[in-house]
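Participant: Next comes the sequence, and after it the predicted model I'd like to discuss.
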Amino acid sequence: MKARDIVRARGHPLVQGTHRTTFEVTRDETLTPSGDCIIGIGANKGAADLDPGLKAALRDDRTVLTTRLSAGGETVEVRSRGSAAFTLDHPADLVWRQSGFVSDRTVGIRSDRVAATLPREFIAALRRGEELVVELEAETPEGP
């Protein structure tokens, strides 16, 4: 089973991309220097707004989530896992985590990239305020 959704956000001059365990996209319109995991603001969706089919797929431990991040001609692919523990009900935030920690904001765990490992050219595009397109594609194997 495959499910998809697209989230649109934008960068900000204070995007740092230095957090070592997560990255985040938020509906919030502001960013402070302490938000070192936030790579996109002004998103059109939070976790609660994701497509119901995608949310159902993400709530399966077997699901592989492929996230394509695009900004300013730069594209990065991130692979993560789903979890039966996901609630996906945060109204503003989407968070990808390297660990297995789950909160209402978590959309991916065991991610192979975090803010600190995103290409610096990509972070530079976000610092220029470029549009950020976040394509989420979840694939769950058929069967038990």
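Facilitator: Alright, I've got the coordinates. Numbering: from 1, shown residues only.
Participant: need the contact list for Thr30.
Facilitator: By C-beta atoms under 8 Å, 6 or more residues apart in numbering, the contact set of Thr30 is Ile41. (C-beta placed from N, C-alpha, C; glycine too.)
Participant: secondary structure element for it?
Facilitator: Using DSSP states H and E, Thr30 falls within no helix or strand.
Participant: Tell me the pLDDT of it.
Facilitator: On the pLDDT scale, Thr30 is placed at 95.
Participant: cool, His19 as well?
Facilitator: 97.
Participant: Tell me how many other residues surround it.
Facilitator: 19 (other C-beta atoms under 10 Å).
Participant: now swap in the one 4 residues further on and tell me
Facilitator: Other residues near Phe23 come to 28 when the count uses other C-beta under 10 Å.
Participant: And whatever helix or strand it lives in, what does it pack against?
Facilitator: Secondary structure from DSSP H and E places Phe23 in strand 22-26. Counting by 3 or more C-beta pairs under 8 Å, 6 or more residues apart in numbering; DSSP states H and E, the packing neighbours recorded for strand 22-26 are strand 2-10, strand 38-40, strand 93-97.
Participant: Comparing those, which comes out most buried?
Facilitator: Of those, the one with the most neighbours on average (mean count of other C-beta atoms under 10 Å) is strand 38-40, at a mean of 28.
Participant: Partner strands of that strand, with direction?
Facilitator: As defined by DSSP bridges, the strand partners of strand 38-40 come to strand 22-26 (parallel).
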